[in-house]
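>>> pasting the sequence and the predicted coordinates here, then a few questions.
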Amino acid sequence: MASTFFRTIIIYFFLTACMRIMGKRELGELEVGELVTSLLISEVCSIPIDNPDIPLLNAIITVGFIVCIEIILSVAKNKSSKLRDLIDGKPSYIIYKGRLNPEALRQNRISIDEFLCQMRQNGIGSVDEVNYCIIESNGKVSMLKRGDGGGLGHLLIADGVVLWQNLKPLGYDEVWLGRAVEGVAFSDIFIFSVNDEGVSYLVKKDRSK
Amino acid sequence: MKVFYVSLAVSLLIITAVVLNCVLLGVFFTELIEGCEALGDIQNPEPYHRLYEKFEARRRFMSLSITHDVILQIEGDFSQMLGAISAGDEESCEITKSHLLTVLVHARRLSGINFDSVF
């Protein structure tokens, strides 16, 4: 009884500290890696609480290591879009520029009824009202109506890395990109995006930090 | 980035600690196994007591990473063996010694990094 009591208190404070270190992302919508981390942490911590024969240090060391790996991976995912796609998956376009993509529905195992239900929950009555419907990598469905501002902003440069996979489907090339960023070196750009109407948005990296 | 480097350092520290723990436990269990195998005549109980004291001296360190169930089994076997020596029961002592050896070999196997312990 006493060991379970004290172990639970120790695990409570340890987990609270871990969650604080991992940040607010763990508390909201979970990506695949974050979901796995949260499930693993809860499972590993429950073992020594349930079974006093298992040393508490086993759980603390293991959870500490999981938290470190999660932080290292989240930084690595910010640096590499390929790694991010591999671990969290890519957003999937169900409707792209007003055109429904049935293949994307099949790939995501979403029936027409489920899709229509999602639309209604987003306050949309008909498919032709939607310009973009995206299943985000955290599983949430985002919908943009036709005539919403300039449409979807397509991210072309993130933290100095050109996202060629986003550039090519829009019909742009490196020469256009060089002109669009007005001579700023790609590596000096934090965000560069362009919306459906060709309006671009650029944020340079803050070198002073 | 500070959190990243701290995480990297902590994870390397944890990996080192885990490997070191495995090596130390492996060495300690090997010493106990060899000591147990070398135990002979029960008319001379001194080596039995010395081996038990050796185990007792490192019990707390072991209990940080070995399940308490295994430690209890080892302690129980030592207790039974020393009791058999006091009673002059050689047969019972031999049986318990054999059981203790099995438990120690099992503990060494599980505390190391190998196929049996991981899978």
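Received, thanks.
>>> give the burial count for residue 117, as a bare number.
With no chain named, the answer covers chain A. The number of residues packed near A:Cys117 is 13, by other C-beta atoms under 10 Å in any protein chain shown. Yep, even glycine has a C-beta here, placed from its N, CA and C like the rest.
>>> to clarify, I was referring to chain B.
B:Ser117 has 12 neighbouring residues, counting by other C-beta under 10 Å.
>>> any idea how far the spatially closest residue to it that is not a sequence neighbour lies from B:Val19?
Residue nearest to B:Ser117 in three dimensions, not counting chain neighbours: B:Leu110, with 4.9 Å by C-beta to C-beta, 6 or more residues apart in numbering or on different chains. Noted for B:Leu110: a distance of 16 Å to B:Val19, by C-beta to C-beta, to the nearest Å.
>>> which one's more surrounded, those two?
Between B:Leu110 and B:Val19, counted using other C-beta under 10 Å, B:Leu110 has the larger neighbour count: 16 against 11.
>>> residues touching the more buried one, list them.
Listed by C-beta atoms under 8 Å, 6 or more residues apart in numbering or on different chains, the contact partners of B:Leu110 are B:70, B:116-117.
>>> in a strand, it, correct?
No: secondary structure of B:Leu110 (DSSP: H, G, I helix; E, B strand; the rest coil): helix, not part of a strand.
>>> how about the lowest-mean-pLDDT helix or strand in chain A: buried residues?
Using mean pLDDT, DSSP states H and E, helix A:2-22 stands out as the lowest-scoring helix or strand of chain A, at a mean of 75. Applying a neighbour-count criterion of 16 or more other C-beta atoms under 10 Å in any protein chain shown, one finds A:7, A:10-11, A:14-15, A:18, A:21-22 buried in helix A:2-22.
>>> equivalent analysis for stretch B:17-32, please.
Applying a neighbour-count criterion of 16+ other C-beta under 10 Å, the buried positions in stretch B:17-32 are B:21-22, B:25-26, B:28-29, B:32.
>>> local confidence estimate at the most centrally placed residue in chain B?
Residue closest to the mean C-alpha point of chain B, counted by C-alpha atoms, centre = their mean, is B:Phe29 at 4.4 Å. B:Phe29 is assigned a pLDDT of 93 by the prediction.
>>> any idea which element it lies in?
Using DSSP states H and E, B:Phe29 sits within helix B:2-38.
>>> next: A:Ile49.
helix A:32-50.
>>> after the helix ranked longest in chain A, which helix or strand is next?
Scanning chain A for the helix with the most residues, using DSSP state H, yields helix A:56-79. Next in sequence after helix A:56-79, counting helices and strands by DSSP H and E, comes helix A:81-88.
>>> partners of the helix or strand following that next one in the sheet?
Going down the chain from helix A:81-88, the next helix or strand is strand A:92-96, by DSSP H and E. Strands that pair with strand A:92-96, judged by DSSP bridges, come out as strand A:99-100 (antiparallel), strand A:130-135 (antiparallel).
>>> what residues does chain A have near chain B?
By the rule C-beta under 8 Å from any C-beta of the partner chain, the part of chain A lying against chain B is A:21, A:52-55, A:57-58, A:61, A:64-65, A:67-69, A:71-72, A:75.
>>> let me know how buried A:Leu170 is, in neighbour terms.
13.
>>> that one and A:Ala104: what is the separation?
18 Å.
>>> also A:Asp188?
A:Asp188 is 35 Å from A:Ala104, by C-beta to C-beta.
>>> so the two - more neighbours on which side?
Neighbour tally, A:Asp188 and A:Ala104, criterion other C-beta under 10 Å: the higher count belongs to A:Ala104, 17 against 12.
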